[in-house]
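1. Output the structure for:
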Amino acid sequence: MTCPVCGAEVKESLLLCPHCGYEFRFIPDFDPEIENKINDTLSGISIDEEGMPALSQEELDAGYYYDQDGTLFYDGPLYDAEGFQVDDENYKGPLYDALGKRVDKPEYDDMQYADDQAAAESYPEAYSEEYQDEYAEEYSEEADAGLAEDNSEELVMEDLDEEYPEDDADLMNGDTSDFGKRGTLYDEDVDDETEEDYPEFDEEYDGDFFEDDEQYDYDNDDLFHQLILAFKQSKYKKILFAVLIVIALVVGICLWRISTNIYRNNSYEYQASLADEAYLDGDIDGAIEHMERALTLNSKDDGMKFKLADYYFAAFDDEKALLTLWEVIYEKNANSQKAYQKMIDYYAARQDYGKIEEILSGCEDTAILGQFQNYLANPPEFSVAPGEYDEVQNLKLSSNSNGNIYYTLDGTYPTTASTLYTSPITMDLGSYEVKAIFVNDYGVESELADAVYRIYIRVPDAPEISVEDGEYTEPKFIETEAQQFCTIYYTTDSTPPSMENGIQYTGPIPMPIGHSHFNFASFSQEGVSSDITECDFDLNIESEVDIQMSINSIKQYNVNQGRAVDMEGHIPGNLTRYTYVVDSAIMEGGEEDEPDAPKKPAKKDEKKIFYLVTENTVDVIGNTMKTGNYYLIDCADGSLYKCTREAEETEDGKDEIQVYKRSEQIPLEDCLPPIVLDPSFNFTDQDQGGPQ
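-> Below you'll find the model as predicted:
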């Protein structure tokens, strides 16, 4: 026959290929006669109520019975093959019951007995009485020495029973006389080269293939050793071995599945992957279950917590989702900002901005607060600390996010209907109980911020005017003096003066012609106003000078000088024009003369009164602005003078005042229009004058 592995030709008497060591397996032929006998035997066995083969009366009398597990036991006397009663503890041969049936120990069954019978027929010398006597004597000596071992079958014939039937005794070395002895695994007809090529087979099986059972020291009471011994004594070893392999594979697969399930059940990465798969498949509950399991195995993974929160949101279990995000926030690590973001997005979608402000109010991370500051509603901050002050205070209210501030000054609780803060609050003399709230763009109100202020400051004295009220025929300078650290403002339209709409007093004021009314008030540096001083004057100057003609002369002068292009006062290249106003008068010389006023004072007893002309510009829309140029008209003869207004120090040198000073006189010829000659008119010497 041919080896299926290496392809070498091998004798049919061999069980192993001498070239590659392949073991040939032979399947026995099916024998119908034997099968029928087995079926007939089994069919004749009756079954009792418990499903066990029923025992006959003879078997019951002989000592057979079933225990509660259904195992058949024999509890009667034992006999040998000759019919003599023996002791089952010492007797090593086959045992029989009172009915002549074979009843051996568990390791010595009917199959083993059949094998022993076959071996005894093939090797009678091994089963002769001399051999048995010698064996019994040897066993007795071992028992006396305390070394007796339960090796009931130490015969070399055990190996014969293992693989080879009686008819194949010539498989080894071609001769049954050498069967069971030491030898090689190859036939004598095979050449020496084969033996040299496969020394490992000789080394492995040389002397060990049929080794004696003396190397085993089995305890008959050990179930495992009994099973091994029964396996060795059975001639169906291959079948049993295959069954054991199958059992081992099944057990191995079960253990593998169990260990795999244990690993998977305790692997957070595997559980997390199952959660993701379940979520993608739409199984939200399954995703939550696996992710919760993953977090029990690794509670430090914030990424899984964010996924679990998303799964909870998908399952409409918002409460658990928010609790999961709070767990990340409480850990105060790099992922806290992401947890705040998810939570704020959740409440923002529901327009629950009050809850957002509540959440952020407990946050101490400045980066997070800066990111979400528009949701905050912190109380307004006051620029001035509460307390008592001796000067005016300007209180500023501020907030670090977008919104509005509402406040009250009388201690009442502010609302959105209270005063809206737009500019600093000026606190002068008095008590102020300021309360304010901040309302952000989402309508969330802050907590109340309040402070109490008491301002104790000195109110400036009302200005004192140097000229009394009344009627005048000669102009006077209207003068006053401000207190230290105060400024005087006045009006001429009967309105109360203020620092915003009043005219700041900078020096002597020329008395207006006709009737005039002045209101003066002094203001401290803190903006505290004094009482108002009112003055009324009536100035009527007796003069023959035509004021309008004098103004026309000034206009002509400016045309001649090129400052204007026409008598309307239009500026060259511009639509703006000059205008001139006579609204007051000044006087030089005499006892009322101001020493600092005239630049060229007249004699002490000589008085000169001048009309004060102010030059203005007027644009196309009517806006008027002073140019800073002044002219004087002599009330006596109409002479024209230029006038300046300059700053001079007061006598004490602490302040500066503005005074009017007369400068150069304007020649009359510069105020006349140019002469235009008629070209048809001929001049003669007589016309030009001269001696006749």
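2. Check this structure for its longest helix and report it.
-> If you go by DSSP state H, the chain has its longest helix at helix 237-265.
3. now for that one, which elements pack on it?
-> When contacts are defined as 3 or more C-beta pairs under 8 Å, 6 or more residues apart in numbering; DSSP states H and E, helix 237-265 packs onto helix 223-233, helix 268-280. C-betas here are computed from N, CA, C, even on glycine.
4. Report the rounded mean pLDDT for the shortest one.
-> In this case it means helix 223-233. The average pLDDT within helix 223-233 is 67.
5. ditto for stretch 661-678
-> Stretch 661-678 comes out at a mean pLDDT of 83.
6. buried sites along that stretch?
-> 661-662, 666, 671 (16 or more other C-beta atoms under 10 Å).
7. list the buried ones in the longest helix of the chain?
-> Per 16+ other C-beta under 10 Å, helix 237-265 contains no buried residues.
8. now swap in stretch 66-81 and tell me
-> For stretch 66-81, by 16+ other C-beta under 10 Å, it's 74, 78-79.
9. Closest one of those residues to D281?
-> Distances from D281 to those, taken as C-beta to C-beta, are shortest for Y74 (63.8 Å).
10. give the contact list for that closest one.
-> Residues counted as contacts of Y74 (C-beta atoms under 8 Å, 6 or more residues apart in numbering) are 62-64, 97, 103.
11. out of these, which are buried?
-> 62, 64, 97, 103.
12. Out of those, which comes closest to L55?
-> Closest to L55, out of all of the buried ones among the contacts of Y74 and judged by C-beta to C-beta, is Y64, at 5.4 Å.
13. Can you tell me the number of residues neighbouring E526?
-> 20 (other C-beta atoms under 10 Å).
14. okay but it is in contact with I457, surely?
-> Yes. Between E526 and I457 there is a contact at 6.0 Å, judged by C-beta atoms under 8 Å.
15. who touches both of those two?
-> Here E526 and I457 have 391-392, 428 as joint contacts, going by C-beta under 8 Å, 6+ apart.
16. Quick one, which of the residues you listed are buried?
-> Here, 16+ other C-beta under 10 Å leaves 392, 428 buried among these.
17. Which of the buried residues of stretch 661-678 fall in strands?
-> Of the buried residues of stretch 661-678, the ones assigned to strands by DSSP state E are 661-662, 666.
18. Listing request: residues of this structure with sub-threshold pLDDT.
-> The model of the chain has pLDDT under 70 over residues 13, 24-52, 68-69, 88-90, 104-227, 229-237, 263-266, 590-605, 651-655, 676-692.
19. domain parsing for it?
-> Under automatic domain parsing, the residue ranges defining each domain of the chain are 380-455, 470-539, 547-671.
20. quick one: which of these is nearest A314?
-> That would be, of these and by C-beta to C-beta, domain 380-455, which comes in at 27.2 Å.
21. what about that closest one, how long is it end to end?
-> This stretch, domain 380-455, spans 22 Å end to end (C-alpha to C-alpha, to the nearest Å).
22. Apart from its chain neighbours, what residue comes closest to L55?
-> Take L55 and drop its neighbours on the chain: the residue closest to it by C-beta to C-beta, 6 or more residues apart in numbering is Y64, 5.4 Å away.
23. Sorry, wrong one. I was asking about Y631.
-> Nearest one to Y631, counting by C-beta to C-beta, 6+ apart, is V613 at 4.0 Å.
24. Show only the entries of the buried ones among the contacts of Y74 found in strands.
-> Y64.
25. And for the residue nearest to Y631, the neighbour number?
-> 22.
26. by contact count, what packs against the helix or strand where it lies?
-> Element membership for V613 (DSSP states H and E) is strand 608-618. Judged by 3+ C-beta pairs under 8 Å, 6+ apart, strand 608-618 is in contact with helix 547-560, strand 577-588, strand 624-634.
27. Which one of the ones you listed lies nearest to S398?
-> Closest among the helices and strands packed on strand 608-618, once you apply C-beta to C-beta, is strand 624-634, at 38.4 Å.
28. Run through the neighbouring helices and strands of the next helix or strand after the closest one.
-> Once the chain leaves strand 624-634, the next helix or strand it forms, by DSSP H and E, is strand 640-649. Applying 3+ C-beta pairs under 8 Å, 6+ apart, one finds that strand 640-649 contacts helix 547-560, strand 624-634, strand 656-666.
29. Quick one: list the elements packing against the longest one.
-> Meaning helix 547-560. Helix 547-560 packs on strand 577-588, strand 608-618, strand 624-634, strand 640-649, going by 3+ C-beta pairs under 8 Å, 6+ apart.
30. got the contact list for it?
-> Contact with helix 547-560 is made by 564-567, 569, 578, 580, 582, 611, 613, 631, 633, 638, 640, 666, 670-674, as judged by C-beta under 8 Å, 6+ apart.
31. Over to the second one?
-> Residues outside strand 624-634 that contact it (C-beta under 8 Å, 6+ apart) are 545, 547, 550, 554, 578-580, 582, 586, 608-618, 639-645, 660, 662, 666.
32. between that strand and strand 577-588, what angle do the directions make?
-> 40 degrees (axes from the mean of the first three to the mean of the last three C-alpha atoms, to 10 degrees).
33. got the CA coordinates for strand 624-634 in PDB?
-> Extracted in PDB, the C-alpha atoms of strand 624-634 (Å, rounded to 0.1, in the frame of the first residue of the first chain):
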ATOM      1  CA  THR A 624     -22.700 133.500  13.900                       C
ATOM      2  CA  MET A 625     -19.100 133.500  15.300                       C
ATOM      3  CA  LYS A 626     -16.900 136.200  16.700                       C
ATOM      4  CA  THR A 627     -13.700 137.000  14.800                       C
ATOM      5  CA  GLY A 628     -11.900 138.500  17.700                       C
ATOM      6  CA  ASN A 629     -11.700 141.900  15.900                       C
ATOM      7  CA  TYR A 630     -13.000 145.000  17.700                       C
ATOM      8  CA  TYR A 631     -13.400 148.700  16.600                       C
ATOM      9  CA  LEU A 632     -14.100 151.800  18.600                       C
ATOM     10  CA  ILE A 633     -16.200 154.800  17.500                       C
ATOM     11  CA  ASP A 634     -15.600 158.100  19.200                       C
END
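34. Flag every buried residue along it.
-> Buried, per 16+ other C-beta under 10 Å, within strand 624-634: 629-634.
35. Show me what it pairs with in its sheet, parallel or antiparallel.
-> In the sheet, strand 624-634 lines up against strand 608-618 (antiparallel), strand 640-649 (antiparallel) (DSSP bridges).
36. Can you add distance to L409 and give these back as TSV?
-> Shown next, in TSV, are these (distance: least, C-beta to C-beta, whole Å):
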stretch	distance to L409
strand 608-618	43
strand 640-649	41
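37. Looking at the ones you listed, which one is packed in the most?
-> strand 608-618 (a mean of 20; mean count of other C-beta atoms under 10 Å).
38. still on that earlier bit, so which of the strands paired with strand 624-634 comes closest to N333?
-> strand 640-649 (70.0 Å).
39. Against I359, how distant is L325?
-> 10 Å (C-beta to C-beta, to the nearest Å).
40. who touches both of the two?
-> By C-beta under 8 Å, 6+ apart, the residues touching both L325 and I359 are M343.
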